[in-house]
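Peer 1: Build me a model:
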Amino acid sequence: MALIVQKFGGSSVGDASKIKHVAKRVIETQNAGNQVVVVVSAMGDTTDELIDLAQSVAPDPYASGREMDMLLTAGERISMALLAIAINAQGGKSQSFTGSQAGIITSNKHGDARIAEVTPDRIQEALHAGNIAIVAGFQGFNKETRDITTLGRGGSDTTAVALAAALDADLCEIYSDVDGVYTADPRVIPSAHKLEKIDIESMLELAAAGAKILHIRAVEYARRHGVDLRVRSTFSKDPGTIVYSSNGEHMEEPIVSGVATDKGQAKITIIGIPDEPGKAAEVFRVVAEADSNIDMIVQNNPTGVDVTDRVADISFTLPLGDLGRVAGALEGAKATLGFRELEQDADIGKLSVVGAGMRTHSGVSATLFKALADAGINIEMISTSEIRISVVTSSKQLDDAARAVHKAFGLDSDTEATVYAGTGR
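Peer 2: Just a heads-up that it's a prediction; the model follows:
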């Protein structure tokens, strides 16, 4: 008997009819001879609606971090209970559990807690009794404060992978509104084609580069704990995409697995900072104290007649939502840092080409930059890893850039990808 963990996102449980459809699929999985644990997100746009509601009663509801976590976890609790009711009504046996009841123990950081341990005793008891266990995703419990916590947006993926690891599950299935992992976002590039399989390292790079199909923390957790993933659609019988946790030992590594885009970044350029040892450290200490993660960094060659007046410019990218806070912190430290001026750019986009085969194949950079040049796309920054090349360009050109690069690497399909649901909110 196999143990399968299935995670269903908000678009999969968006209304009563979809919940009944999910219940039917879950029962079919159990009837096939499997033990089943299901992790659910909040219905549709429930989380966004709860945030809107909180903002209607307080200008900064996140100042009450504990209470926001209490509020936002209500969405997943609604989904878990409704799905359990639907399964029982269809002749199945199920029990629902909150994150704390499921044994998800976390750090005490409200809004972005990290999983510290998983003790799924009650889940195992439910499975041994022949029940389907339904777990509310996105949430956990801190032992020291005895408070409910949330894992951050996309945390239900992480909940599912963490439970799969703790239960030694045979497979963790992530259900969404597309048939699997595509070579690009099918909403942007309808000609993108579905991958049958992909190695965990490439999937991690794609998630980090902006691919929304899997949450990056979930992919990191799967890699660390050796959990195989299957990404598939709630609304079709397509087998989906297998994400191998064994670094692709089951497959030949493609040169390019996919193209990812990210419009959720911004750029800061610090102009005229003294070219002295330790200045970059001071800059990024200020950024770290402003609680922001940076992505790409570029520093130009210093200019100046002699050592005493040599200055440089430093550019870096960061999440768009952090732009105002980080820029304010840097301006506040201007006298100490000694730079001339600060430039902000909220209209950038990042395009990344990812493929494990880059390690052993040449010519990827040449193909990428020729495709961008032929499409008239200007490049502002470049960053690379062993299996990824990322560039920053104007957000207005990003979709055109993605289509040009996707075609240049021969990733276009003759058929149009199907997106079954989802609001994109």
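Peer 1: quick one: the spatially closest residue to residue 10 that is not a sequence neighbour from residue 95, how far?
Peer 2: Once flanking residues are discounted, residue 10 sits nearest to residue 41: 4.5 Å by Cβ to Cβ, 6 or more residues apart in numbering. For the C-beta atoms, the positions are set from N, CA and C on the backbone; glycine is no exception. As judged by Cβ to Cβ, to the nearest Å, residue 41 and residue 95 stand 19 Å apart.
Peer 1: So for the two, which sits in the more crowded spot?
Peer 2: Ranked by neighbour count (other Cβ atoms under 10 Å), residue 41 and residue 95 place residue 41 first, with 28 against 20.
Peer 1: Was I right to think that one contacts residue 76?
Peer 2: Yes. Counting by Cβ atoms under 8 Å, residue 76 is a contact partner of residue 41 at 6.4 Å.
Peer 1: need the contact list for residue 284.
Peer 2: Applying Cβ atoms under 8 Å, 6 or more residues apart in numbering to residue 284 gives the contacts residue 294.
Peer 1: Tell me the secondary structure of it, please.
Peer 2: helix (DSSP: H, G, I helix; E, B strand; the rest coil).
Peer 1: right, and residue 347 touches residue 398 too?
Peer 2: No. At 9.9 Å, residue 347 and residue 398 do not qualify as touching, with contact defined as Cβ under 8 Å.
Peer 1: And these two? Which one has more around it.
Peer 2: Here residue 347 and residue 398 are compared on neighbour count by other Cβ under 10 Å; more neighbours surround residue 398, at 23 against 13.
Peer 1: what touches both of residue 41 and residue 76?
Peer 2: Residues touching both residue 41 and residue 76 by Cβ under 8 Å, 6+ apart: 137-138, 156.
Peer 1: Can you give me every residue that contacts residue 264?
Peer 2: 210, 319-321.
Peer 1: From residue 26, how far out is it?
Peer 2: For residue 264, the distance to residue 26 - Cβ to Cβ - is 33 Å.
Peer 1: Any idea how many residues pack against the closest residue to residue 215 other than its chain neighbours?
Peer 2: Computed as Cβ to Cβ, 6+ apart, the closest residue to residue 215 that is not its neighbour in sequence is residue 154, at 3.4 Å. Using other Cβ under 10 Å, the number of residues around residue 154 comes to 18.
Peer 1: Return the per-residue confidence for residue 154.
Peer 2: On pLDDT, residue 154 comes in at 80.
Peer 1: doesn't residue 217 make contact with it?
Peer 2: Yes. In this structure residue 154 lies within contact range of residue 217 using Cβ under 8 Å: 7.2 Å.
Peer 1: which non-adjacent residue is nearest residue 323?
Peer 2: The spatially closest residue to residue 323, leaving aside those adjacent along the chain, is residue 266, at 4.1 Å (Cβ to Cβ, 6+ apart).
Peer 1: what's the helix or strand for the one you found?
Peer 2: Assigned by DSSP states H and E, residue 266 falls within strand 265-274.
Peer 1: Any buried residues in that strand, and which?
Peer 2: Using 16 or more other Cβ atoms under 10 Å as the test for burial, strand 265-274 gives 265-270, 273-274.
Peer 1: Which strands or helices does it pack on?
Peer 2: Identification of packing neighbours for strand 265-274 by 3 or more Cβ pairs under 8 Å, 6 or more residues apart in numbering; DSSP states H and E yields helix 279-289, strand 311-319, helix 323-332, strand 341-345, strand 348-354.
Peer 1: Residue 299 is nearest to which of those?
Peer 2: strand 311-319 (4.8 Å; Cβ to Cβ).
Peer 1: who's in contact with stretch 137-152?
Peer 2: 7, 39-42, 66, 68-70, 72-73, 76, 98-100, 104-115, 155-160, 217.
Peer 1: Out of these, which end up buried?
Peer 2: Counted by 16+ other Cβ under 10 Å, the contacts of stretch 137-152 give 7, 39-42, 68-70, 72-73, 76, 98-100, 104-108, 110, 112-113, 115, 155-160, 217 as buried.
Peer 1: taking the residues you listed one by one, which sit in helices?
Peer 2: Among those, the members falling in helices are 68-70, 72-73, 76, 155-160, 217 (criterion: DSSP state H).
Peer 1: Could you list the low-pLDDT ranges of the stretch 201-350 of the chain?
Peer 2: 246-253, 304-308 (pLDDT under 70).
Peer 1: what about 80?
Peer 2: Within the stretch 201-350 of the chain, the ranges that satisfy pLDDT under 80 run 246-254, 301-309.
Peer 1: Which one of the buried residues of strand 265-274 is nearest to residue 12?
Peer 2: Taking the buried residues of strand 265-274 together and measuring to residue 12 by Cβ to Cβ, the closest member is residue 265, at 28.2 Å.
Peer 1: circling back to that earlier point, now, the most widely separated pair of the contacts of residue 264?
Peer 2: Spatially, the most separated pair among the contacts of residue 264 is 210 and 321, at 14.4 Å (Cβ to Cβ).
Peer 1: how deep is residue 344 tucked in, by neighbour count?
Peer 2: 14.
Peer 1: Quick one: residues contacting the nearest residue in space to it that is not next to it in sequence.
Peer 2: Among residues not flanking residue 344 along the chain, residue 327 sits closest, at 5.4 Å (Cβ to Cβ, 6+ apart). The contact partners of residue 327, by Cβ under 8 Å, 6+ apart, come to 268, 342, 344.
Peer 1: Compile these into TSV and extend it with columns for distance to residue 294.
Peer 2: TSV is the format used below for the contacts of residue 327 (distance: Cβ to Cβ, whole Å):
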residue	distance to residue 294
268	9
342	15
344	14
